[in-house]
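**Q** Based on what follows, work out the 3D shape:
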Amino acid sequence: MNVTLTEKTTVYLSKRGRKEFKKAANKLGKERKKIIASLHDLDKVNNHDNRYDKIERLAQLDAIETQLDEKREILRLAKPLPTKQPNHSVAIGSEVELIDRTGDHFIYKLVDGVEADPSRGRVSIKSPLGRVLMGKKPFETFQWPGLHKRKMQLLRIS
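**A** Sure thing, here's the model as predicted:
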């Protein structure tokens, strides 16, 4: 993910997103402990092959600690998604129902970039679709600048 965060960064997470970040941080913490334990075991035996194993595990440990630090920092800075929507228009935290010209329906929740996962219906407010949707009201039609420049209509905001 490699997100650069500062004290002034505001990160919004849904309850689900916060839960997923905590779960991922706990999993990384457990992996970290396993690698540290395996490094202690390797220290007990000193041969040439173990040196390569140790180097590999140290690299894994470094990667895990970087990811763990990032997740902890996001959780520390995270604020809950706003629950009140201004003038019933699309904002971060809104769930929207869209329809295209062919009658296909799509439901997305607009989230901060750290929580985005379009395959699970969570679209970043910084993505092309998210930027177009921000501020829209129900029944507005818009053109999404995606691959096929789809024309869509916003049916519902919740």
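**Q** where in the chain is pLDDT low?
**A** 1-8, 83-87, 146-147 (pLDDT under 70).
**Q** how about the most centrally placed residue in it, phi and psi?
**A** By Cα atoms, centre = their mean, the chain has its centre lying nearest to E115, at 2.2 Å. Dihedral pair for E115: phi -110, psi 0, per degrees, to the nearest 10.
**Q** what's the spacing between it and K27?
**A** Distance from E115 to K27, counting by Cβ to Cβ, to the nearest Å: 17 Å. The way it works is simple: take the backbone N, C-alpha and C, and place the C-beta from them, glycine included.
**Q** Ok, Q60 next?
**A** Separation of Q60 from K27 (Cβ to Cβ) stands at 14 Å.
**Q** Give me the domain ranges for this protein.
**A** 11-80, 86-157 (automatic domain parsing).
**Q** Can you name the element that comes right after the host helix or strand of K27?
**A** According to DSSP states H and E, K27 maps onto helix 15-44. As assigned by DSSP H and E, the chain's next helix or strand after helix 15-44 is helix 48-77.
**Q** Return the angle between stretch directions for that following helix and helix 15-44.
**A** Counting by axes from the mean of the first three to the mean of the last three Cα atoms, to 10 degrees, helix 48-77 lies at 150 degrees to helix 15-44.
**Q** which secondary structure elements does helix 48-77 contact?
**A** Helix 48-77 is packed against strand 11-13, helix 15-44, with contacts defined by 3 or more Cβ pairs under 8 Å, 6 or more residues apart in numbering; DSSP states H and E.
**Q** Contacts made by stretch 137-154 with the rest, please.
**A** Stretch 137-154 is contacted from outside by 87-90, 96-101, 106, 128-129, 132-133, 136, 155-157, using Cβ atoms under 8 Å, 6 or more residues apart in numbering.
**Q** Only whichever of the residues you listed are buried, select them in PyMOL.
**A** Provided next is the PyMOL selection string for whichever of these are buried by 16 or more other Cβ atoms under 10 Å:
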select buried, resi 89+90+96+98+129+132+133+136+157
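**Q** other SSEs contacting the helix holding K27?
**A** helix 48-77, strand 78-80.
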